[in-house]
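Q: structure of the sequence below:
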Amino acid sequence: MPNRELEQLGTEYWDGYLEQHPTQGTALGEHQYDDRLNDITPAGQERALRRLRDLQQRLGGLATDSLTDEEQLSVSALRHLLRAEVAFLNADATAYTVDAMSGPQVSFLDIASYQPLRDPTDAATMLTRWRAMGPWIDDFITNLRRGLGEGLSSIAVSVERVSAELDALLARPVENWPLLDPLQQVHESWSHSEWRTFGDELTASVREVVQPAFVRYRAFLRDEALPAARDEARAGICHLPGGLERYRSLVPAHTTVDATPEELHHLGLNEVERIDTEMAELGARVLATADLKATQEALRGDPKLYFSTRDEIQQVAERSLAAANAAIPDWFGRLPQTPCEVAHMLPHEEEHSTIAYYREPAIGERPGRYYVNTSAPQTRPRYEAEALAFHEAVPGHHLQVAIGQELTGLPTFRRHADVTAFIEGWGLYSERLANEMGLYSSDLDRIGMLSYDAWRACRLVVDTGLHALGWSRSRAITFMTDHSALAINNITNEVDRYLGWPGQALAYKVGQLQIRRLRTDAEAALGQRFDIRTFHDALLGHGPLPLATMREAVSRDMQLSL
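A: I've put the predicted structure just below:
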């Protein structure tokens, strides 16, 4: 018999998560809160904390002796998710974070690309959410103003970048804003008057509510945030009151392990040194270079190694995805039923965004999407494109996320669990797995794989350096420039991303190393009986899990004593 108390806890957690993160719910195809935005007011955050702490207390009192193996995994997963969400709320990020990559000037404009508009009910829901954007921005300004009063200032370079994004947005007619893209759809079942009325109201909501709120946000950044902002030398949150304590709580929230920032910093340095050696050796063979620096100079200095057009970037992404889809049956017994497609980032986000990202499917509504940044193609290396696709799409994020969503025997919260170290660890593991699968076209593309591995190792060093050890932004950029072959514009965007999202960058390498160690141990224990498809199915067959729990689950499934 299923444990009803545990089922209830899981259901309450997931319902609360969707209420607290309504746009994420929309992206997943959970539509009960499509008319809302997340409540970032102090009262709203306190309500969320009370809910989470109540769930923690009840979970701590749950009798576990009679639970099944799968229910034990649910307890471990739920314990981590609750701990992580409490840490994120206590970090109070909206009191000091001005973010060029995922602030409202970007994230709000993205919503139209995944919010459904099928009928007049959806239209009413969309109108309510769009009209809520103005008050949300005002709440955000209030939080930032409160933060300034508490000594929690933003970073000057981020304020300047967001200001530039707002200037570009506000210079465009609202009719060209992505928030009005739904009006380009055709709904033959609607009467002409219904559609015209909806169009007029949606346009008015953007013109009269959202646009003026962004004008107010732009003025706040200019008049209040920028004069008080931190300079590049004090970019990390360790320079804020209580910042180091915030960061120390965010480390396990993202990594699921209880390592200190100092331990992760040294782990990163060791990984960087190891990968530097690999890169120098492969560079000597492929480019006839003398050392790592010469390899990086050759990669960054040859225009032929960079794309010429946006279409070329898109084509390589699509070709890489097709090749990976053809290869995965030999490496995975369980295959996703939900497809993945390549999409390009929209103009409002591409300049200050990362190189690419993945958006999960909404089952039955929308496929998984691998969004690739095609802006400034002459700055985007050809040799990185394949590793990028294998991480973000297949065998990386899409394969893992889609399989997880399709595990209908698991509680809903387990299928969608946001366990960063598992998810991003799998993505990074997939880049080297793709090499085993024979997916890279050439040794030059394998250099891209090594550069990406070095990039994630650098994250351990740079994220902890910025937020725990007091590094300057310029020192972080220099370190990544010295130890990866990423283009300089990408390095700058990445460092600014870490500044706005403390701790998240740690999850990639921590997760990859744990997955790789688990596989090595399984191979050693089973010898010739080891089967890679069985291993991958065991790894992905329980949804995202904390890393120690992942090891327990795979060991049990494969009958190992690890």
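Q: quick one: residue 322 and residue 439, what's the gap?
A: From residue 322 across to residue 439, the span is 11 Å (CB to CB, to the nearest Å). (Glycine included, C-beta is placed from N, CA and C.)
Q: SS state for the residue nearest to the spatial centre of the chain?
A: In the chain, the centroid-proximal residue (CA atoms, centre = their mean) is residue 357; its distance is 7.1 Å. At residue 357 the chain is in strand, as set by DSSP: H, G, I helix; E, B strand; the rest coil.
Q: show me what it is bridged to.
A: Taking DSSP bridges as the rule, residue 357 bridges to residue 371.
Q: quick check: nearest residue in space to residue 45, chain neighbours excluded?
A: residue 89 (5.6 Å; CB to CB, 6 or more residues apart in numbering).
Q: got it, and residue 128?
A: Excluding its sequence neighbours, the residue lying closest to residue 128 (CB to CB, 6+ apart) is residue 35, at 4.0 Å.
Q: tell me who's in contact with the one you found.
A: When contacts are counted by CB atoms under 8 Å, 6 or more residues apart in numbering, residue 35 touches 124-125, 128-129, 132.
Q: okay, the residues you listed in CSV with secondary structure and distance to residue 383 next?
A: What follows is the contacts of residue 35, written out as CSV (DSSP: H, G, I helix; E, B strand; the rest coil; distance: CB to CB, whole Å):
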residue, secondary structure, distance to residue 383
124, helix, 49
125, helix, 45
128, helix, 47
129, helix, 42
132, helix, 44
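Q: now the strands for this protein?
A: Counting by DSSP state E, one finds strands in the chain at the ranges 340-344, 356-359, 368-372.
Q: could you say what helices and strands the last one packs with?
A: Contact here means 3 or more CB pairs under 8 Å, 6 or more residues apart in numbering; DSSP states H and E; on that basis strand 368-372 packs against helix 310-327, strand 340-344, strand 356-359, helix 385-392, helix 397-405.
Q: who wins for proximity to residue 149 among those?
A: strand 356-359 (34.1 Å; CB to CB).
Q: residues in contact with that closest one: which ones?
A: 27, 114, 368-373, 388, 392-393, 396-398, 401.
Q: let me see the mean pLDDT of that strand.
A: Average pLDDT, strand 356-359: 94.
Q: just stretch 473-492 next, same as before
A: 93.
Q: off-centre distance for that stretch?
A: Stretch 473-492 has its C-alpha centroid displaced from the chain centroid by 20 Å (CA atoms, centre = their mean, to the nearest Å).
Q: per-residue pLDDT of residue 188, please?
A: We have a pLDDT of 74 for residue 188.
Q: no no, residue 133
A: 98.
Q: tell me the buried residues in stretch 115-128?
A: 115-117, 120, 122-123, 125-127 (16 or more other CB atoms under 10 Å).
Q: with just CA atoms, put that stretch into PDB.
A: Only the C-alpha atoms of stretch 115-128 are listed here, as PDB (Å, rounded to 0.1, in the frame of the first residue of the first chain):
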ATOM      1  CA  GLN A 115       1.700  30.500 -22.800                       C
ATOM      2  CA  PRO A 116      -1.200  28.800 -24.600                       C
ATOM      3  CA  LEU A 117      -3.900  30.800 -26.400                       C
ATOM      4  CA  ARG A 118      -6.500  28.300 -27.600                       C
ATOM      5  CA  ASP A 119      -9.900  29.900 -26.700                       C
ATOM      6  CA  PRO A 120     -11.500  32.900 -24.900                       C
ATOM      7  CA  THR A 121     -10.700  31.400 -21.500                       C
ATOM      8  CA  ASP A 122      -7.000  31.400 -22.300                       C
ATOM      9  CA  ALA A 123      -7.400  34.900 -23.600                       C
ATOM     10  CA  ALA A 124      -8.900  36.100 -20.300                       C
ATOM     11  CA  THR A 125      -6.100  34.300 -18.400                       C
ATOM     12  CA  MET A 126      -3.400  35.900 -20.600                       C
ATOM     13  CA  LEU A 127      -4.900  39.400 -20.100                       C
ATOM     14  CA  THR A 128      -4.900  39.000 -16.400                       C
END
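Q: other residues contacting that stretch?
A: Residues contacting stretch 115-128 (CB under 8 Å, 6+ apart): 26, 31, 34-36, 129, 182, 185, 187, 189-190, 194, 198, 201-202, 205, 365.
Q: now list the buried members of those.
A: Using 16+ other CB under 10 Å, the buried ones in the contacts of stretch 115-128 are 26, 31, 34-36, 129, 182, 187, 190, 198, 202, 205.
Q: so what's residue 360 up against?
A: 27-28, 368, 401-402, 405.
Q: next, give phi and psi for the residue nearest to residue 128.
A: Note on residue 35: its backbone torsions stand at phi -90, psi 0 [degrees, to the nearest 10].
Q: confidence score at it?
A: 98.
Q: now do it against residue 127, distance only.
A: Distance of residue 35 to residue 127, computed by CB to CB: 8 Å.
Q: any chance you could map the helices in the stretch 351-500 of the chain?
A: Ranges of helices within the stretch 351-500 of the chain are 385-392, 397-405, 412-415, 420-436, 443-467, 473-483, 488-500, based on DSSP state H, counting those that start in this stretch.
Q: would you mind giving those as JSON lines with mean neighbour count added?
A: Shown next, in JSON lines, are the helices of the stretch 351-500 of the chain (neighbours: other CB atoms under 10 Å):
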{"stretch": "helix 385-392", "mean neighbour count": "27"}
{"stretch": "helix 397-405", "mean neighbour count": "25"}
{"stretch": "helix 412-415", "mean neighbour count": "22"}
{"stretch": "helix 420-436", "mean neighbour count": "23"}
{"stretch": "helix 443-467", "mean neighbour count": "25"}
{"stretch": "helix 473-483", "mean neighbour count": "19"}
{"stretch": "helix 488-500", "mean neighbour count": "21"}
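Q: buried set for stretch 251-264?
A: Here stretch 251-264 shows 251-257, 259, 261, 264 as buried, counting by 16+ other CB under 10 Å.
Q: need the max-distance pair from the buried residues of stretch 115-128.
A: Using CB to CB, the pair of those lying farthest apart is 115 and 120, separated by 14.7 Å.
Q: now do the end-to-end distance for stretch 281-294.
A: Length of stretch 281-294, first residue to last, CA to CA, to the nearest Å: 12 Å.
Q: identify the residues contacting the closest residue to residue 362 other than its chain neighbours.
A: What sits nearest to residue 362 in space, not counting adjacent residues and going by CB to CB, 6+ apart, is residue 29, at 3.1 Å. Counting by CB under 8 Å, 6+ apart, residue 29 touches 361-366.
Q: and if you look at residue 454?
A: Taking CB under 8 Å, 6+ apart as the contact definition, residue 454 lies against 272, 275-276, 279, 483-485.
Q: quick check: the two most widely separated of those residues?
A: Greatest spacing in the contacts of residue 454, by CB to CB: 272 and 485 (13.1 Å).
Q: most neighbours among the contacts of residue 454, which one?
A: Most neighbours among those, by other CB atoms under 10 Å: residue 484, with 28 neighbours.
Q: distance of that one relative to residue 453?
A: Residue 484 is 9 Å from residue 453, where distance means CB to CB.
Q: and the protein, what are its domains?
A: 1-91, 94-230, 258-513 (automatic domain parsing).
Q: now the ones you listed as a markdown table including distance to residue 556?
A: Listed next are the domains of the chain as a markdown table, based on distance: least, CB to CB, whole Å:
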| stretch | distance to residue 556 |
| --- | --- |
| domain 1-91 | 6 |
| domain 94-230 | 36 |
| domain 258-513 | 15 |
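Q: so which of these is nearest residue 555?
A: domain 1-91 (11.2 Å).
Q: and stretch 502-521, C-alpha only, in PDB?
A: What follows is stretch 502-521 as a C-alpha-only set of coordinates in PDB (Å, rounded to 0.1, in the frame of the first residue of the first chain):
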ATOM      1  CA  PRO A 502      25.300  32.700  -7.000                       C
ATOM      2  CA  GLY A 503      26.100  29.000  -6.600                       C
ATOM      3  CA  GLN A 504      24.200  27.700  -9.700                       C
ATOM      4  CA  ALA A 505      27.500  27.400 -11.700                       C
ATOM      5  CA  LEU A 506      28.900  25.000  -9.100                       C
ATOM      6  CA  ALA A 507      26.300  22.200 -10.000                       C
ATOM      7  CA  TYR A 508      27.700  21.300 -13.400                       C
ATOM      8  CA  LYS A 509      31.100  19.900 -12.500                       C
ATOM      9  CA  VAL A 510      30.000  18.500  -9.100                       C
ATOM     10  CA  GLY A 511      27.200  16.600 -10.800                       C
ATOM     11  CA  GLN A 512      29.400  15.400 -13.700                       C
ATOM     12  CA  LEU A 513      32.100  14.100 -11.500                       C
ATOM     13  CA  GLN A 514      29.600  12.200  -9.300                       C
ATOM     14  CA  ILE A 515      28.000  10.600 -12.300                       C
ATOM     15  CA  ARG A 516      31.300   9.700 -13.900                       C
ATOM     16  CA  ARG A 517      32.500   8.200 -10.600                       C
ATOM     17  CA  LEU A 518      29.400   6.200 -10.200                       C
ATOM     18  CA  ARG A 519      29.800   4.800 -13.700                       C
ATOM     19  CA  THR A 520      33.500   4.000 -13.100                       C
ATOM     20  CA  ASP A 521      32.600   2.100  -9.900                       C
END
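Q: alright, that wraps it up for me.
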